[in-house]
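> what's the 3D shape of this:
(one chain, ligands or ions: 1)
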Amino acid sequence: MSGRFITFEGIDGAGKSTHIEALAGWLRARGHGVVVTREPGGTPLAEQLRELVLHAPMDALCEALLVFAARRDHLQNVIEPALARGDTVLCDRFTDATFAYQGGGRGFDTAVLARLEQWVQQGRQPDLTLWFDLAPATAAARRGAARTPDRFEAQDEAFFDRVRAGYAARAAADPGRFARLQAAADPSAVWQQVQAAVEARPWW
Ligand code: TYD
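Residues are numbered from 1 along each chain as shown. I've put the predicted structure just below:
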(Lines give C-alpha, C1' and ligand atoms only; values in the text may rest on other atoms or scores of the structure.)
Protein backbone atom coordinates (compact mmCIF):
# COMPACT_ATOMS: atom_id res chain seq x y z
CA MET A 1 0.00 0.00 0.00
CA SER A 2 1.23 3.48 -0.84
CA GLY A 3 2.55 5.55 2.06
CA ARG A 4 1.25 8.91 3.22
CA PHE A 5 2.70 12.28 2.30
CA ILE A 6 2.49 14.95 5.02
CA THR A 7 3.82 18.47 4.49
CA PHE A 8 4.64 21.21 7.01
CA GLU A 9 4.04 24.83 6.04
CA GLY A 10 4.04 28.32 7.51
CA ILE A 11 5.94 31.58 7.50
CA ASP A 12 9.55 31.66 8.73
CA GLY A 13 9.56 31.47 12.54
CA ALA A 14 6.29 29.51 12.81
CA GLY A 15 8.14 26.73 14.69
CA LYS A 16 7.30 23.79 12.43
CA SER A 17 10.76 22.16 12.42
CA THR A 18 10.68 20.82 16.01
CA HIS A 19 7.28 19.25 15.40
CA ILE A 20 8.48 17.38 12.32
CA GLU A 21 11.00 15.47 14.44
CA ALA A 22 8.39 14.91 17.15
CA LEU A 23 5.90 13.50 14.65
CA ALA A 24 8.59 11.28 13.09
CA GLY A 25 9.33 9.78 16.51
CA TRP A 26 5.64 9.34 17.30
CA LEU A 27 4.98 7.53 13.99
CA ARG A 28 8.09 5.32 14.28
CA ALA A 29 7.01 4.30 17.78
CA ARG A 30 3.80 3.08 16.14
CA GLY A 31 5.74 0.96 13.64
CA HIS A 32 5.67 3.23 10.59
CA GLY A 33 8.62 3.67 8.27
CA VAL A 34 9.24 7.43 8.15
CA VAL A 35 11.31 9.61 5.82
CA VAL A 36 11.97 13.19 7.01
CA THR A 37 12.97 15.59 4.27
CA ARG A 38 12.70 19.24 3.22
CA GLU A 39 12.26 21.65 0.32
CA PRO A 40 13.97 23.15 -1.42
CA GLY A 41 16.36 20.23 -0.86
CA GLY A 42 16.29 16.56 0.02
CA THR A 43 18.70 15.35 -2.70
CA PRO A 44 22.29 16.42 -3.49
CA LEU A 45 21.14 18.38 -6.57
CA ALA A 46 18.17 19.96 -4.79
CA GLU A 47 20.36 20.99 -1.84
CA GLN A 48 22.65 22.81 -4.29
CA LEU A 49 19.62 24.57 -5.78
CA ARG A 50 18.50 25.48 -2.24
CA GLU A 51 21.78 27.31 -1.62
CA LEU A 52 21.19 29.38 -4.75
CA VAL A 53 17.54 30.17 -3.99
CA LEU A 54 18.30 31.21 -0.41
CA HIS A 55 21.40 33.30 -1.12
CA ALA A 56 21.86 34.33 -4.79
CA PRO A 57 20.04 37.45 -6.04
CA MET A 58 17.42 36.54 -8.70
CA ASP A 59 13.87 37.39 -9.71
CA ALA A 60 10.69 35.54 -8.78
CA LEU A 61 10.54 33.51 -12.01
CA CYS A 62 14.07 32.23 -11.40
CA GLU A 63 13.09 31.34 -7.84
CA ALA A 64 10.02 29.47 -9.07
CA LEU A 65 11.93 27.56 -11.76
CA LEU A 66 14.69 26.57 -9.34
CA VAL A 67 12.33 25.41 -6.57
CA PHE A 68 10.35 23.35 -9.10
CA ALA A 69 13.58 21.90 -10.57
CA ALA A 70 14.62 20.94 -7.03
CA ARG A 71 11.14 19.49 -6.43
CA ARG A 72 11.29 17.36 -9.58
CA ASP A 73 14.58 15.77 -8.49
CA HIS A 74 13.28 15.33 -4.94
CA LEU A 75 10.02 13.69 -6.06
CA GLN A 76 11.76 11.29 -8.44
CA ASN A 77 14.57 10.24 -6.15
CA VAL A 78 13.19 10.46 -2.61
CA ILE A 79 9.46 11.12 -2.23
CA GLU A 80 7.94 8.77 -4.85
CA PRO A 81 10.24 5.81 -3.97
CA ALA A 82 9.47 6.26 -0.26
CA LEU A 83 5.71 6.38 -0.86
CA ALA A 84 5.98 3.32 -3.12
CA ARG A 85 7.70 1.43 -0.25
CA GLY A 86 4.78 2.37 2.01
CA ASP A 87 6.75 4.84 4.14
CA THR A 88 5.26 8.02 5.56
CA VAL A 89 7.03 11.08 4.12
CA LEU A 90 7.26 14.17 6.34
CA CYS A 91 8.36 17.11 4.22
CA ASP A 92 9.35 20.53 5.61
CA ARG A 93 7.66 22.72 2.97
CA PHE A 94 6.39 21.76 -0.50
CA THR A 95 4.45 23.46 -3.31
CA ASP A 96 2.19 25.50 -1.03
CA ALA A 97 5.38 27.39 -0.08
CA THR A 98 5.91 28.28 -3.73
CA PHE A 99 2.37 29.67 -4.00
CA ALA A 100 2.83 31.51 -0.69
CA TYR A 101 6.37 32.90 -1.17
CA GLN A 102 6.75 33.33 -4.94
CA GLY A 103 3.02 33.83 -5.59
CA GLY A 104 1.97 35.77 -2.47
CA GLY A 105 5.23 37.25 -1.21
CA ARG A 106 6.80 38.11 -4.56
CA GLY A 107 3.51 38.66 -6.41
CA PHE A 108 4.36 36.17 -9.16
CA ASP A 109 1.59 34.83 -11.48
CA THR A 110 -0.04 31.86 -9.76
CA ALA A 111 -1.42 30.57 -13.09
CA VAL A 112 2.19 29.95 -14.19
CA LEU A 113 2.91 28.25 -10.85
CA ALA A 114 -0.13 26.03 -11.37
CA ARG A 115 1.24 24.92 -14.78
CA LEU A 116 4.63 24.13 -13.27
CA GLU A 117 2.90 22.24 -10.47
CA GLN A 118 1.12 20.06 -13.06
CA TRP A 119 4.27 19.35 -15.06
CA VAL A 120 6.46 18.58 -12.11
CA GLN A 121 4.07 16.68 -9.85
CA GLN A 122 1.97 14.73 -12.37
CA GLY A 123 -0.95 14.81 -9.96
CA ARG A 124 1.04 14.08 -6.79
CA GLN A 125 -0.26 16.13 -3.85
CA PRO A 126 0.27 15.83 -0.10
CA ASP A 127 -2.33 13.75 1.77
CA LEU A 128 -2.21 16.21 4.67
CA THR A 129 -0.71 19.69 5.04
CA LEU A 130 -0.09 21.03 8.54
CA TRP A 131 -0.19 24.82 8.28
CA PHE A 132 1.50 26.46 11.26
CA ASP A 133 -0.27 29.79 11.19
CA LEU A 134 0.67 32.83 13.25
CA ALA A 135 0.94 36.60 12.90
CA PRO A 136 4.07 37.84 11.08
CA ALA A 137 5.02 40.11 14.02
CA THR A 138 5.02 37.12 16.39
CA ALA A 139 7.07 35.06 13.95
CA ALA A 140 9.61 37.88 13.51
CA ALA A 141 10.04 38.14 17.29
CA ARG A 142 10.67 34.38 17.44
CA ARG A 143 13.21 34.46 14.64
CA GLY A 144 15.05 37.18 16.52
CA ALA A 145 18.55 38.16 15.52
CA ALA A 146 20.16 34.80 16.29
CA ARG A 147 21.57 34.18 12.83
CA THR A 148 22.23 35.90 9.51
CA PRO A 149 18.90 36.01 7.65
CA ASP A 150 18.57 34.42 4.19
CA ARG A 151 16.83 36.19 1.25
CA PHE A 152 13.39 35.36 2.64
CA GLU A 153 13.99 35.82 6.37
CA ALA A 154 15.32 39.31 5.56
CA GLN A 155 11.95 40.43 4.18
CA ASP A 156 9.69 42.89 6.00
CA GLU A 157 6.39 42.23 7.73
CA ALA A 158 4.33 43.24 4.68
CA PHE A 159 6.04 40.46 2.68
CA PHE A 160 5.08 37.90 5.35
CA ASP A 161 1.51 39.26 5.41
CA ARG A 162 1.34 38.41 1.70
CA VAL A 163 2.93 34.98 2.27
CA ARG A 164 0.35 34.26 4.97
CA ALA A 165 -2.45 35.34 2.63
CA GLY A 166 -0.95 33.02 -0.01
CA TYR A 167 -1.22 30.09 2.41
CA ALA A 168 -4.78 31.11 3.32
CA ALA A 169 -5.76 31.07 -0.38
CA ARG A 170 -4.25 27.59 -0.90
CA ALA A 171 -6.03 26.30 2.22
CA ALA A 172 -9.35 27.76 1.06
CA ALA A 173 -8.90 26.07 -2.34
CA ASP A 174 -8.26 22.62 -0.81
CA PRO A 175 -9.73 22.61 2.72
CA GLY A 176 -9.80 18.80 3.01
CA ARG A 177 -6.03 18.61 2.70
CA PHE A 178 -5.16 21.41 5.13
CA ALA A 179 -5.13 21.47 8.92
CA ARG A 180 -4.62 25.03 10.15
CA LEU A 181 -2.78 25.04 13.48
CA GLN A 182 -2.65 27.96 15.92
CA ALA A 183 1.14 28.21 16.00
CA ALA A 184 1.23 31.12 18.46
CA ALA A 185 0.37 28.69 21.26
CA ASP A 186 3.15 27.22 23.43
CA PRO A 187 5.02 24.23 21.93
CA SER A 188 3.17 21.54 23.91
CA ALA A 189 -0.20 22.98 22.84
CA VAL A 190 0.95 23.11 19.21
CA TRP A 191 2.10 19.48 19.46
CA GLN A 192 -1.38 18.53 20.72
CA GLN A 193 -2.82 20.14 17.59
CA VAL A 194 -0.34 18.27 15.36
CA GLN A 195 -1.22 14.94 16.95
CA ALA A 196 -4.96 15.62 16.75
CA ALA A 197 -4.75 16.58 13.06
CA VAL A 198 -2.79 13.43 12.21
CA GLU A 199 -4.92 11.10 14.34
CA ALA A 200 -8.10 12.53 12.78
CA ARG A 201 -7.07 11.04 9.42
CA PRO A 202 -8.69 7.68 8.66
CA TRP A 203 -5.48 6.00 7.42
CA TRP A 204 -3.72 4.74 10.58
P1 TYD B 1 13.02 27.06 5.80
O2 TYD B 1 12.18 25.93 5.34
O3 TYD B 1 12.38 28.05 6.68
O4 TYD B 1 14.30 26.43 6.45
P5 TYD B 1 15.14 26.97 7.67
O6 TYD B 1 14.24 26.73 8.86
O7 TYD B 1 16.35 26.10 7.62
O8 TYD B 1 15.41 28.42 7.38
O9 TYD B 1 13.72 27.88 4.59
C10 TYD B 1 13.36 27.74 3.30
C11 TYD B 1 13.04 29.09 2.71
O12 TYD B 1 12.74 28.91 1.33
C13 TYD B 1 11.83 29.75 3.35
O14 TYD B 1 12.13 31.10 3.63
C15 TYD B 1 10.78 29.72 2.27
C16 TYD B 1 11.54 29.58 1.00
N17 TYD B 1 10.83 28.81 -0.04
C18 TYD B 1 10.32 29.45 -1.13
O19 TYD B 1 10.45 30.67 -1.25
N20 TYD B 1 9.66 28.73 -2.10
C21 TYD B 1 9.49 27.38 -2.00
O22 TYD B 1 8.89 26.76 -2.88
C23 TYD B 1 10.03 26.71 -0.86
C24 TYD B 1 9.88 25.23 -0.71
C25 TYD B 1 10.69 27.46 0.12
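> which residue is nearest the centroid of this structure?
The chain has residue 93 as the residue nearest its centroid, 1.5 Å off, counting by Cα atoms, centre = their mean.
> pull up the residues of the protein that are close to the ligand.
Applying Cβ under 6 Å from any ligand atom, one finds that the chain approaches the ligand through 12, 17, 39, 40, 67, 92, 93, 97, 98, 101, 102, 152. Every residue, glycine included, has its C-beta placed from N, CA and C.
> identify the farthest-apart pair in the residues you listed.
Farthest pair in the residues of the chain next to the ligand (Cβ to Cβ) is 17 and 102. Separation: 21.1 Å.
> so for the two, which sits in the more crowded spot?
residue 102 (28 against 12; other Cβ atoms under 10 Å).
> quick one: the more buried one and residue 109 touch, right?
No - using Cβ atoms under 8 Å, residue 102 makes no contact with residue 109, being 9.3 Å away.
> and the lengthiest helix in the chain, what does it pack against?
Identified as the longest helix of the chain according to DSSP state H is helix 157-173. When contacts are defined as 3 or more Cβ pairs under 8 Å, 6 or more residues apart in numbering; DSSP states H and E, helix 157-173 sits against strand 128-133, helix 136-143, strand 178-182.
> surely the residue nearest to the centre of the chain and residue 8 touch.
Yes - the pair formed by residue 93 and residue 8 meets the contact definition of Cβ under 8 Å, at 6.8 Å.
> return the helix or strand in the protein with minimum mean pLDDT.
Sorting the helices and strands of the chain by mean pLDDT, DSSP states H and E puts helix 136-143 at the bottom, at a mean of 92.
> tilt between it and strand 128-133?
Taking axes from the mean of the first three to the mean of the last three Cα atoms, to 10 degrees, helix 136-143 and strand 128-133 form an angle of 90 degrees between their directions.
> so helix 136-143 versus helix 157-173, what angle?
110 degrees.
> list the buried residues in helix 136-143.
Judged by neighbour count (16 or more other Cβ atoms under 10 Å), helix 136-143 contains these buried residues: 136, 139, 140.
> which of those residues sits closest to the ligand?
For the buried residues of helix 136-143, the residue nearest the ligand by Cβ to the nearest ligand atom is residue 139; the value is 10.5 Å.
> now the closest one: closest residue in space, sequence neighbours ignored.
Using Cβ to Cβ, 6 or more residues apart in numbering and skipping the chain neighbours, the partner closest in space to residue 139 is residue 13 (3.4 Å).
> can you list phi and psi of residue 48 for me?
The phi and psi values for residue 48, taken as degrees, to the nearest 10, are phi -70, psi -40.
> number the residues from 37 up from this point.
In the new count, where the first residue is 37, that last one comes out as residue 84.
> where are the low-confidence patches of this protein?
Within the chain, the stretches with pLDDT under 70 are 181-182.
> can you give me the strands for it?
41-45, 70-74, 124-128, 164-169, 214-218 (DSSP state E).
> which residues does residue 155 contact?
residue 104 (Cβ atoms under 8 Å, 6 or more residues apart in numbering).
> relative to the ligand, how far out is it?
For residue 155, the distance to the ligand equals 15 Å [Cβ to the nearest ligand atom, to the nearest Å].
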